[in-house]
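In: Generate coordinates for the sequence data below:
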Amino acid sequence: MNDPELEELFGDPADRALVDLLKASRPAAPPLDPHFHNYLRAKLMTEARRTLPARASRSWLPFRLSPKTMAPAMAVVAASFLVVLGVEIYLHGQTVAPEVAQAHIGAINNKMDVGTGEPIVIPFTGPVDKTAVAESVVIQPATSVTKQWVGQNLVIIPAHPLAPNTTYSVTFKPTATAAPSATPTPAPQQTPATRQTPPVVAAPVVVHFTTVRPPVTPIVPPSFKSTSVAYGYDSRLADAGTILGTSWTPGGQLLVTRPVGQLGPGSPSPSASATPSGPPAPKATTDVWLMSSLGTPVRLLVPGGSLPAAAPSGRVVAAWQTAAGNQVNLGIWDLQGVSQANLVTIGGIPDQAPVWIGEDRIAYVDQGRLHIVDLHGTQASGPAMRVGGHGHLAASPLAALLAVEAAEGPVVLDLGAGGSTTLPAGATGFAWSSKGDLAFVAPHRASTDLFVAADGKSYRKVASSPDGQTWSDLNWSPDAASLLLATTSTTGLFTSSW
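Out: Residues are numbered from 1 along each chain as shown. The predicted structure follows:
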């Protein structure tokens, strides 16, 4: 029977499902002990003897009792017999409740990966009113289903695939059918009301399950392999001879080194568009300009500047700027051309651009030695190292790793944890990918070997050029899957499957 207070407290459907589960978990009544009747009769006789007067303890037959004493005693005996008979009639007249196969329900109950098109099977092990059970099925969230019986299994088939990654509940009432039972012989004192079989109310059964997650659509990165690259068109940035070098900013603009006064047709004059931080340095021969990707000059960034390098954030640029007395300054400018800092001044004109190490340090080569400074120009801690060959430097975009073409042999310096990794002899042309892998070449007399070092440390050779051909000028594709390089005769695209 329903409890009004529980109905008021647990009115939410989710709470009702919990209450139904608690009702369904009640254990079945144990079977009646076959010796219960004899035991109860013995207890009844003992109680009757105890309640009789002492003079009648030898024999409790009614004809030896006085009428005044006999009436209460016989009332007790009659009432006790009625209790025994009523209990016996109730136990033998009970309807057998169905037993839902818990082991089979457990196969789907609380399951987390049910297929969206998978039928829901509820097995029964006892007699059940199949029509009533099928009509009582409620599935939440509401879903159109068909129901059919296969033997003792109720099969619920969704009319369309269930929603993925969704928790469903199936509630039904396993109404039992009447099981045949022996009708006890009624006692003289039995009434018709006593012989009626009490109704059996089966508690609802609730099954919960969750459907599988939807399949994840694989993300295919853009391919930069040579088989998918096709030439479309070119965009001339300027006339021949007006650009001496260029590099990209992280924002997709260009840092261009150009001879002073050579802006190209249609370009603004320096006085009209430049925003220099001061007067041009003496004997300046080049300027650094910011351009769009289509070659349109945006503004003059570094008058008398050369060899620019954008910071990883793209907000500032480091470059060399001509100073008095055949000297150059290493400075920092923002993208509006405003000077932010002058770090160091060195003699002579360098032939390598400064290299950013993260956002707060810059490496450069002066007089054949490696130097590392912070953004205040203070020499940062680092190894005192002589640089040989072309003095090539390259820094990882993901870690404090610096590849150096050192005089004693090429190495990768770990500026964070300390230590270094030795690279193959002659390694040069360093290029770091967006994933932190280092590519470099090792030229030989008649060919060139191409290496890739995972995380800049564990390197392996991935290819060699044909005899009589050399490779140089490495550049990674944005997805770090391919390398662009130059040969001695043509520019080609080399791809590898590492």
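In: Can you show me the helices along the stretch 201-350 of the chain?
Out: In the stretch 201-350 of the chain, the segments counted as helices under DSSP state H, counting those that start in this stretch are 270-273.
In: can you list the weak-confidence ranges in it?
Out: Low-confidence segments of the stretch 201-350 of the chain, defined by pLDDT under 70: 201-203, 219-241, 261-284.
In: 80 instead, please
Out: Along the stretch 201-350 of the chain, segments meeting pLDDT under 80 span 201-205, 216-244, 261-284, 293-295, 349.
In: show me the contacts for residue 410.
Out: Residues near residue 410 by CB atoms under 8 Å, 6 or more residues apart in numbering: 403-404, 422-428, 440. No exception for glycine: its C-beta is placed from N, CA and C like everyone else's.
In: if we go to 6 Å?
Out: 423, 427 (CB atoms under 6 Å, 6 or more residues apart in numbering).
In: Give me the distance between it and residue 134.
Out: 79 Å (CB to CB, to the nearest Å).
In: ok, now residue 164?
Out: 27 Å.
In: For the stretch 251-400 of the chain, which segments count as strands?
Out: Assigned by DSSP state E, counting those that start in this stretch, the stretch 251-400 of the chain shows strands spanning 254-259, 286-291, 297-302, 305-310, 316-323, 327-334, 339-347, 355-357, 361-366, 369-374, 393-395.
In: Any idea which of these gets closest to residue 213?
Out: strand 393-395 (41.1 Å; CB to CB).
In: what does the helix or strand following the closest one contact?
Out: For strand 393-395, the succeeding helix or strand toward the C-terminus, using DSSP states H and E, is strand 401-404. With contacts defined as CB under 6 Å, 6+ apart, strand 401-404 is touched by 393-395, 411-414, 430, 438, 456.
In: Counting by contacts, list what the helix or strand following strand 401-404 packs against.
Out: Under the assignment DSSP H and E, the closest C-terminal helix or strand after strand 401-404 is strand 411-414. Contact here means 3 or more CB pairs under 6 Å, 6 or more residues apart in numbering; DSSP states H and E; on that basis strand 411-414 packs against strand 401-404, strand 420-422.
In: Return the most buried member of those.
Out: strand 401-404 (a mean of 27; mean count of other CB atoms under 10 Å).
In: if we can go back for a sec, take the helices and strands packed on strand 411-414 and write them to JSON lines, including distance to residue 308 and mean pLDDT.
Out: Below are the helices and strands packed on strand 411-414 laid out as JSON lines (distance: least, CB to CB, whole Å; pLDDT from 0 to 100):
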{"stretch": "strand 401-404", "distance to residue 308": "19", "mean pLDDT": "91"}
{"stretch": "strand 420-422", "distance to residue 308": "28", "mean pLDDT": "89"}
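In: I'd like the ones you listed as TSV, with distance to residue 171 appended.
Out: Below are the helices and strands packed on strand 411-414 laid out as TSV (distance: least, CB to CB, whole Å):
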stretch	distance to residue 171
strand 401-404	62
strand 420-422	65
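In: give me the number of residues near residue 313?
Out: 11 (other CB atoms under 10 Å).
In: ok, for it, nearest residue in space, not its chain neighbours?
Out: residue 359 (5.9 Å; CB to CB, 6 or more residues apart in numbering).
In: Just the local confidence number for the one you found, please.
Out: What the model reports as pLDDT for residue 359 is 89.
In: Residue 373 now?
Out: So, for residue 373, pLDDT stands at 91.
In: again with residue 34
Out: pLDDT, residue 34: 62.
In: Residue 447 now?
Out: Confidence score, pLDDT, at residue 447: 87.
In: what's the spacing between it and residue 303?
Out: Distance from residue 447 to residue 303, by CB to CB: 44 Å.
In: Which of those two has more residues huddled nearby?
Out: residue 303 (23 against 15).
In: Test my guess that residue 250 contacts residue 314.
Out: Yes. Between residue 250 and residue 314 there is a contact at 3.4 Å, judged by CB atoms under 6 Å.
In: what pLDDT, on average, does stretch 154-171 get?
Out: 88.
In: Please read the previous query as pertaining to stretch 476-486.
Out: 83.
In: buried stuff in that stretch?
Out: 476-477, 480-485 (16 or more other CB atoms under 10 Å).
In: State the distance spanning the first to the last residue of it.
Out: Its first and final residues considered, stretch 476-486 spans 12 Å by CA to CA, to the nearest Å.
In: three-state assignment of residue 40?
Out: helix (DSSP: H, G, I helix; E, B strand; the rest coil).
In: Count the residues that sit near it.
Out: 16.
In: same thing with the one 10 residues further on?
Out: Here the count is done by other CB under 10 Å, and residue 50 has 8 residues near it.
In: can you count the residues close to the closest residue in space to residue 403 that isn't next to it in sequence?
Out: Nearest residue to residue 403, sequence neighbours excluded (CB to CB, 6+ apart): residue 430, at 4.1 Å. Here the number of neighbours of residue 430 (other CB under 10 Å) works out to 25.
In: do residue 461 as well
Out: 11.
In: Okay, and the beta partners of residue 394?
Out: Residue 394 forms beta bridges with residue 403, as assigned by DSSP bridges.
In: ok, it touching residue 427?
Out: No. With contact defined as CB under 6 Å, residue 394 does not count as touching residue 427 (10.9 Å).
In: For the two, indicate the residue with more neighbours.
Out: The neighbour count for residue 394 versus residue 427, taken as other CB under 10 Å, is higher for residue 427 (26 against 22).
In: ok, so what distance separates the more buried one from residue 472?
Out: Distance, residue 427 to residue 472, using CB to CB: 13 Å.
In: now swap in residue 312 and tell me
Out: 25 Å.
In: Settle this for me: residue 457 is touching residue 423, isn't it.
Out: No. Between residue 457 and residue 423 there is no contact under CB under 6 Å: 9.8 Å.
In: what's the domain layout of the chain?
Out: 4-28+96-211, 36-92, 241-349, 382-498 (automatic domain parsing).
In: related to what we said a few turns ago, what pLDDT does the residue nearest to residue 403 get?
Out: 91.
In: so is it in a helix, a strand, or just coil?
Out: From three-state DSSP, the assignment for residue 430 is strand.
In: isn't it right next to residue 440, touching?
Out: Yes. Using CB under 6 Å, residue 430 is in contact with residue 440, at 5.0 Å.
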